[in-house]
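>>> Provided below for reference: sequence and predicted model.
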Amino acid sequence: MGGCKALITTFIVEPFVPHDQEFYLSIVSERLGCTISFSECGGIQIEENWDKVKTTFLPTEKPMTSETCALLIATLPLEIRGKIGDFIKGAFAVFQDLDFTFLEMNPFTLVNGVPDPLDMRGELDDTTAFKNFKKWGNIEFPLPFGRVLSATESFIHGLDEKHGSLALATSQPLPDPRLGPLRRSLAIEHSD
């Protein structure tokens, strides 16, 4: 892939859920707030129906309210509007609580009247691992395909997850071992 060679070690297998309708939801963190997008045409149909996606921007200082959701779900049938609105508000609460930077459900559906994500993609802000490690559990942040951490990089990465703001990336062995302490002092930063 892109000139990299490595083993593919992770596969996701999902059960098939029979359904008639597919919805789309995405939440994207931006500098001054979040962009929330919703469509009644989710799944593979989303590509042909971008014009039907409704989008709203929620500034950082504003809470997610029913009024905010109303802009997104106004054209839904009344009998499902409340459930979808509550689902969007709940997804946004989880998005904020777990420090997501991106969350997309494409599609989600209703199973016995309850929203059910069939496919979901999320990106967590890994710089918040030090405060979220209990909430996140044993989540792993994958490295770029084909990259493997050295023992030293793994050690620093482990410290960073517990304390925040540590980083070390080595690109090649140092030509002179006497430069090691100098390079490490420049590469490792810590701030509280």
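Received it, and whenever you're ready, just let me know what you need.
>>> and the strands in this protein?
23-30, 33-39, 54-59, 100-111, 114-117, 120-124 (DSSP state E).
>>> just the mean pLDDT for the fifth one, thanks.
For strand 114-117, mean pLDDT is 96.
>>> please state the offset of that strand from the chain centre?
Here strand 114-117 is found 18 Å from its chain centre; the criterion is Cα atoms, centre = their mean, to the nearest Å.
>>> same question for the first one.
What separates the centre of strand 23-30 from the centre of its chain is 10 Å, taken as Cα atoms, centre = their mean.
>>> and stretch 33-41, by the same measure?
15 Å.
>>> repeat that for stretch 75-83.
27 Å.
>>> repeat for stretch 9-19
19 Å.
>>> got the end-to-end distance for it?
Stretch 9-19 stretches 31 Å from its first residue to its last (Cα to Cα, to the nearest Å).
>>> what sits up against it?
109-111, 116, 118-119, 142 (Cβ atoms under 8 Å, 6 or more residues apart in numbering). No exception for glycine: its C-beta is placed from N, CA and C like everyone else's.
>>> ok so, going back, export the strands of the chain to TSV and tack on mean neighbour count?
Listed next are those as TSV, based on neighbours: other Cβ atoms under 10 Å:
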stretch	mean neighbour count
strand 23-30	20
strand 33-39	20
strand 54-59	14
strand 100-111	19
strand 114-117	15
strand 120-124	14
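>>> between those strands, which gets nearest to residue 86?
strand 114-117 (8.4 Å; Cβ to Cβ).
>>> elements contacting that closest one?
With contacts defined as 3 or more Cβ pairs under 8 Å, 6 or more residues apart in numbering; DSSP states H and E, strand 114-117 has these neighbours: helix 78-97, strand 100-111.
>>> just send those back as TSV, with distance to residue 29 and mean pLDDT too.
Below are those laid out as TSV (distance: least, Cβ to Cβ, whole Å; pLDDT from 0 to 100):
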stretch	distance to residue 29	mean pLDDT
helix 78-97	8	97
strand 100-111	4	97
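>>> tell me where the model's unsure across the protein.
1-2, 161-192 (pLDDT under 70).
>>> start to end distance for stretch 124-143?
14 Å.
>>> check the offset of that stretch from the chain's centre.
11 Å.
>>> and for stretch 44-64?
16 Å.
>>> contacts for it, please.
Everything outside stretch 44-64 that qualifies as a contact, by Cβ under 8 Å, 6+ apart, is 22, 24, 30, 32-41, 68, 71-72, 74, 88-89, 92-93, 106-107.
>>> if I pick the spatially most central residue of the chain, what's in contact with it?
By Cα atoms, centre = their mean, the chain has its centre lying nearest to residue 123, at 1.9 Å. For residue 123, the contacting residues are 100-103, by Cβ under 8 Å, 6+ apart.
>>> same check on residue 33?
57-60, 62.
>>> one more time with 7 Å
Applying Cβ atoms under 7 Å, 6 or more residues apart in numbering to residue 33 gives the contacts 57-60.
>>> thinking again about what came up before, could you export the strands of the chain as JSON lines, including distance to residue 6?
Listed next are these as JSON lines, based on distance: least, Cβ to Cβ, whole Å:
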{"stretch": "strand 23-30", "distance to residue 6": "29"}
{"stretch": "strand 33-39", "distance to residue 6": "33"}
{"stretch": "strand 54-59", "distance to residue 6": "37"}
{"stretch": "strand 100-111", "distance to residue 6": "24"}
{"stretch": "strand 114-117", "distance to residue 6": "29"}
{"stretch": "strand 120-124", "distance to residue 6": "21"}
